[in-house]
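*Asks:* take a look and give me a structure for this.
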Amino acid sequence: MTFFLTNITYGQIKPDLKNSNLEGVSSKGEFYWWKNAANKGGDATFSVETTDVNKGSEKALKAEIHELGEKPWHINSQFNQKFEGKAGDEISIEFYAKNGANGKGKIKLVTQSDIKGSFQGKNIQLTNKWKSYKHTFTLKDNSSNNKIKFWYLNPGTTYYIDDLSLTK
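*Replies:* Next comes the predicted model:
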């Protein structure tokens, strides 16, 4: 299964919030503003994809999931820039994704803040063709530390993620 993520844009969440710029890659070959994790028995290879990307994109996030960790959140990709929100704010997260030729392609889109009990997630079944996915969350608490994560839920799958946006 494959999942790609390349650009992130924000509308009306916080005017000075910087874009994730998944098109921008550091000298270490990693996307700026993104952190990938494989913990507690999880095994994954994260890379920058340059050939199988969403239309109009040059790069996408590729996650090859070999083994899952002890818990679903042990293999994930997180956008490192946090955003501000108030209880009751509706935020819509839209992205393009797909899985590779092999694999089942189930992911969980997650939003969470630093406040206990703020976790919200939406399971999404991907296909092997690029497709737009959108989900709206209603924030539970006031926080300036809200974040977005993707959990990879199927081993033996390659995920591709591209063109992420967040709007309020």
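*Asks:* quick check, central residue of the protein?
*Replies:* Residue closest to the average C-alpha location in the chain (Cα atoms, centre = their mean): F150, at 3.9 Å.
*Asks:* separation between that residue and K86?
*Replies:* 24 Å (Cβ to Cβ, to the nearest Å). Any C-beta I mention is one placed from the backbone N, CA and C, and that applies to glycine too.
*Asks:* let me know the pLDDT of the residue nearest to the centre of the chain.
*Replies:* pLDDT for F150: 95.
*Asks:* and what of E94?
*Replies:* 89.
*Asks:* need phi/psi at it.
*Replies:* phi -120, psi 140 (degrees, to the nearest 10).
*Asks:* how about it, what does it touch?
*Replies:* Neighbouring residues of E94 by Cβ atoms under 8 Å, 6 or more residues apart in numbering: 132-134, 164-167.
*Asks:* name the helices or strands packed onto the helix or strand where Q78 lies?
*Replies:* Q78 belongs to strand 75-85 when assigned by DSSP states H and E. Applying 3 or more Cβ pairs under 8 Å, 6 or more residues apart in numbering; DSSP states H and E, one finds that strand 75-85 contacts strand 34-38, strand 60-67, strand 143-152, strand 157-167.
*Asks:* what is the third one packed up against?
*Replies:* For strand 143-152, the helices and strands in contact under the criterion 3+ Cβ pairs under 8 Å, 6+ apart are strand 75-85, strand 106-112, strand 157-167.
*Asks:* now do the shortest one
*Replies:* Helices and strands in packing contact with strand 34-38 are listed as strand 43-49, strand 75-85; criterion 3+ Cβ pairs under 8 Å, 6+ apart.
*Asks:* what about G117, neighbour count?
*Replies:* 9 (other Cβ atoms under 10 Å).
*Asks:* again with K62
*Replies:* By other Cβ under 10 Å, neighbour count at K62 equals 22.
*Asks:* can I assume it is in contact with F46?
*Replies:* Yes - with contacts counted by Cβ atoms under 8 Å, K62 reaches F46, the gap being 7.0 Å.
*Asks:* before we move on, the earlier item: out of the helices and strands packed on strand 143-152, which is the most enclosed?
*Replies:* Mean neighbour count (mean count of other Cβ atoms under 10 Å) peaks for strand 157-167 among these, with a mean of 25.
*Asks:* for the closest residue to K106 other than its chain neighbours, give its distance to D163.
*Replies:* Counting by Cβ to Cβ, 6 or more residues apart in numbering, L153 is the residue found nearest to K106 once chain neighbours are left out, at 4.4 Å. As for L153, its distance to D163 is 21 Å (criterion: Cβ to Cβ).
*Asks:* nothing else from me, thank you.
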